[in-house]
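Novice: when you get a sec, could you give me coordinates for this:
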Amino acid sequence: MRKWLFLLFVIQCSWSQNEPVWLEGLVVSELRNELANINVSNIVTNATVMTNETGRFRILVQLNEALKISAVGYEEQFVKIDEALYKKKQLVVKLRAAVYNLDEVRVVKLDAQKMGIIDYKPKHYTPAERKLRTAGQFSPWQILMIPLGGMPLDPMINAITGRTAMLKKELEVERKELALAALTSKLDSLYFADQLHLAPDQVKAFQYYAVENAEVRALVKSDNLIPLKFKLSQLLVEFLKPKESDEKK
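Specialist: Prediction:
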């Protein structure tokens, strides 16, 4: 009789140690901030719950089962339900932010034409071009639109006040400055000194002289330097002529 009672006691103890229990947990970040909407899954029973706004959850577990705690942007954590945790019935999980190593980062410039949004190549305006475009161009035929109430006033006002002419001059100056920057980036000072045999104090003056030429301003936009160098050689002769005449005087 005692033998049977002992056997029943052992069976009851082993069964009670493996019955489902409610495990209460808290999920926090590395900075100890409570994390809401974190998935907590029992990978044995497939039961899943989510943490509330205070980072707390409650889930049924048994001895030797395991939990997976996961969320987008955080590293997954796995917790085994050992005997100590099974008896304690409380758990605190600290999630670490996930770090993703990118093999290659490509910066892509969106192109409306290549994406098929437009079927033409859009014009890119410089700051001075945008100002002139906003001011508008006045044409005499626009007066004919007055009876129809469709004549834009800004172009006429800007023409009368001289603003349009001023903006055109600014645009011309800007184009020369851009051309000068392109010229000096394609051909450094050594080229002007060694190949064109210019004195150091003549290099900058010749560069300004060259960008006054419309053909040079067009050639600096090309990657082919041969036509540009040929044109510069021609301009050099004209640039040095006044200098030679001054020396004769």
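
Novice: could you use CA atoms for every contact and neighbour count after this?
Specialist: Fine.

Novice: which parts of the chain are helices?
Specialist: 2-17, 83-88, 127-135, 153-161, 163-186, 189-190, 200-211, 214-219, 225-248 (DSSP state H).

Novice: if you average pLDDT over each of the ones you listed, which is lowest?
Specialist: Across the helices of the chain, helix 2-17 has the smallest mean pLDDT, namely a mean of 48.

Novice: which strand runs longest in the chain?
Specialist: Across the chain, the longest stretch assigned as strand under DSSP state E is strand 21-29.

Novice: so which elements touch it?
Specialist: strand 56-61, strand 90-95 (3 or more Cα pairs under 8 Å, 6 or more residues apart in numbering; DSSP states H and E).

Novice: as PDB, could you dump the C-alpha coordinates of the last one?
Specialist: C-alpha atoms of strand 90-95 as PDB (Å, rounded to 0.1, in the frame of the first residue of the first chain):
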ATOM      1  CA  GLN A  90       8.300  36.100 -14.400                       C
ATOM      2  CA  LEU A  91      10.700  37.200 -17.200                       C
ATOM      3  CA  VAL A  92      12.400  40.400 -18.300                       C
ATOM      4  CA  VAL A  93      13.800  40.400 -21.900                       C
ATOM      5  CA  LYS A  94      16.200  43.100 -23.100                       C
ATOM      6  CA  LEU A  95      16.200  43.600 -26.900                       C
END
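
Novice: pull out the buried residues from stretch 19-32.
Specialist: Residues 21, 23, 25-28 are the ones in stretch 19-32 that count as buried (16 or more other Cα atoms under 10 Å).

Novice: actually stretch 42-58, not the one I typed
Specialist: Applying 16+ other Cα under 10 Å to stretch 42-58 flags 42, 48-52, 55-58 as buried.

Novice: now these in CSV, with pLDDT and distance to Lys88?
Specialist: Below are the buried residues of stretch 42-58 laid out as CSV (pLDDT from 0 to 100; distance: Cα to Cα, whole Å):
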residue, pLDDT, distance to Lys88
Asn42, 94, 17
Thr48, 93, 21
Val49, 95, 20
Met50, 93, 21
Thr51, 94, 19
Asn52, 94, 21
Gly55, 93, 19
Arg56, 95, 16
Phe57, 95, 15
Arg58, 95, 14
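
Novice: looking at those residues, spot the one nearest Leu190.
Specialist: Gly55 (67.6 Å; Cα to Cα).
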